[in-house]
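Asker: Kindly generate the corresponding structure for this input.
(one chain, ligands or ions: 1)
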Amino acid sequence: MSEQLIYLNGEFVCKENAKISVYDHGFLYGDGIFEGIRAYNGNIFRLEEHIERLYESALSILLQIPHTPAEMCQLVVETVRRNNLRDAYIRLVVSRGTGNLGLDPRSCPTPSVIIIAEQLSLFPRELYETGLRIITVPTRRNTPDALNPKIKSLNYLNNILVRMEAAQAGVSEALMLNREGYVAEGSGDNVFLVKKGILYTPPAYIGALQGITRQVIIEIAQQLGYVVKEEPFTRHDVYVADEVFLTGTAAEVISVIEVDGRRIKDGKPGQVTGQLLQEFRQRVEKEGVTID
Ligand code: PMP
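Answerer: The predicted structure follows:
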């Protein structure tokens, strides 16, 4: 296996040398943004959408990315290519860059740009067959009027607290509710329910990241003839659903078989979820920006 190469501020460096300053405001304050992207079979899935979301996050936090979106796409492709990967999880990070100890980003003249590509399966492979046991947690999703969940910022403490609560309860993922008690999303994934053949996922105003996998699943479901409703739902709706599943670039599509100790139907991955997963897998193999 050849050495892993990381793109760091204009050059490709080996992992051991991929270092940034302790004065980088991404490190000091979580001041920055990121994307998680996947390549399947030499094709980078929905690359343009990820880059578009990155630039929207940048605009929102007044961060000037020192590349055009087209250049950024090329850098992602090049990182995967240089690492001889066909299947990869790609992490693209743009932080405010190196400054002084003050909060003011004006001390940071140049953003840091980092691209890492490696192999990753978020959950152990067998959980994709058996489904996940999850919980809902007391930590609420941060609100759109504070730090908008649509911004994929480096400030992931909200999500990390959720993941820790899940781990303490002995499960691998958890759902956050918003302040009104409606289900928002998982710590790193969006949530769907299936009830009487209809799919439900929380609408944007509930406060969740607008997941690219979520959008792909909506498209696939509609093409397969399912009705998809973007409607608020509560914990009760989750408990009584026929099927529950999570979506995300890292998580992909994964069934949930138990929530807060309530078994979802017969406690096995559902048939609609299976159908969507199969279609998703076929699609990711074929679509995307080729690295060849
Ligand atoms: N919600 C959160 C909080 C996430 O971090 C992610 C992963 N990016 C998602 C949802 C899923 O989004 P996507 O399908 O674009 O990866």
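
Asker: tell me which parts of the chain are close to the ligand?
Answerer: 36, 159, 185, 188-190, 209, 211-214, 247-249 (Cβ under 6 Å from any ligand atom). No exception for glycine: its C-beta is placed from N, CA and C like everyone else's.

Asker: Apply 5 Å and report the result again.
Answerer: Proximity of the chain to the ligand (Cβ under 5 Å from any ligand atom) is limited to residues 36, 185, 188, 190, 209, 211, 212, 213, 248, 249.

Asker: who's in contact with the fifth one?
Answerer: For residue 209, the residues meeting the contact criterion (Cβ atoms under 8 Å, 6 or more residues apart in numbering) are 149, 150, 152, 185, 190.

Asker: Of the residues you listed, grab the buried ones for ChimeraX.
Answerer: To isolate the buried ones among the contacts of residue 209 in ChimeraX, judged by 16 or more other Cβ atoms under 10 Å, type:
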select :149,150,152,185,190
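
Asker: quick one on the thing from earlier: mind listing which of the residues of the chain next to the ligand are in strands?
Answerer: 36, 185, 190, 248 (DSSP state E).

Asker: Over to the closest residue in space to the last one that isn't next to it in sequence: give its phi and psi.
Answerer: Nearest residue to residue 248, sequence neighbours excluded (Cβ to Cβ, 6 or more residues apart in numbering): residue 189, at 3.5 Å. The main-chain torsion angles of residue 189 are listed as degrees, to the nearest 10 and equal phi -160, psi 160.

Asker: can I assume residue 189 is in contact with residue 212?
Answerer: No. Using Cβ atoms under 8 Å, residue 189 makes no contact with residue 212, being 11.5 Å away.

Asker: what's the neighbour count on residue 145?
Answerer: 8 (other Cβ atoms under 10 Å).

Asker: Roughly how far does residue 39 sit from residue 156?
Answerer: 23 Å (Cβ to Cβ, to the nearest Å).

Asker: The two: which has the busier surroundings?
Answerer: Legend: neighbour count by other Cβ under 10 Å for residue 39 and residue 156, higher for residue 39 (26 against 15).

Asker: so that one sits in a helix?
Answerer: No. Residue 39 is assigned strand when assessed by DSSP: H, G, I helix; E, B strand; the rest coil, not a helix.

Asker: Let me see the backbone angles for the residue nearest to residue 41 when sequence neighbours are not counted.
Answerer: Excluding the flanking residues, the one nearest residue 41 by Cβ to Cβ, 6+ apart is residue 285, at 4.8 Å. Main-chain dihedrals, residue 285, degrees, to the nearest 10: phi -70, psi -30.

Asker: Equivalent analysis for residue 262, please.
Answerer: According to degrees, to the nearest 10, residue 262 has phi -100, psi 120.

Asker: For it, give its distance to the ligand.
Answerer: Here residue 262 is placed at a distance of 23 Å from the ligand (Cβ to the nearest ligand atom, to the nearest Å).

Asker: Okay, and the beta partners of that residue?
Answerer: Beta-bridge pairing for residue 262 (DSSP bridges): residue 259.

Asker: which residues of the protein fall in helices?
Answerer: Along the chain, the segments classed as helices by DSSP state H run 25-29, 47-60, 69-82, 127-130, 157-168, 212-223, 235-239, 271-286.

Asker: Just put the ones you listed in JSON lines and tack on distance to residue 178, mean pLDDT and mean neighbour count.
Answerer: JSON lines is the format used below for those (distance: least, Cβ to Cβ, whole Å; pLDDT from 0 to 100; neighbours: other Cβ atoms under 10 Å):
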{"stretch": "helix 25-29", "distance to residue 178": "25", "mean pLDDT": "98", "mean neighbour count": "21"}
{"stretch": "helix 47-60", "distance to residue 178": "19", "mean pLDDT": "98", "mean neighbour count": "18"}
{"stretch": "helix 69-82", "distance to residue 178": "31", "mean pLDDT": "98", "mean neighbour count": "17"}
{"stretch": "helix 127-130", "distance to residue 178": "26", "mean pLDDT": "92", "mean neighbour count": "15"}
{"stretch": "helix 157-168", "distance to residue 178": "12", "mean pLDDT": "97", "mean neighbour count": "16"}
{"stretch": "helix 212-223", "distance to residue 178": "16", "mean pLDDT": "98", "mean neighbour count": "19"}
{"stretch": "helix 235-239", "distance to residue 178": "12", "mean pLDDT": "98", "mean neighbour count": "16"}
{"stretch": "helix 271-286", "distance to residue 178": "24", "mean pLDDT": "96", "mean neighbour count": "16"}
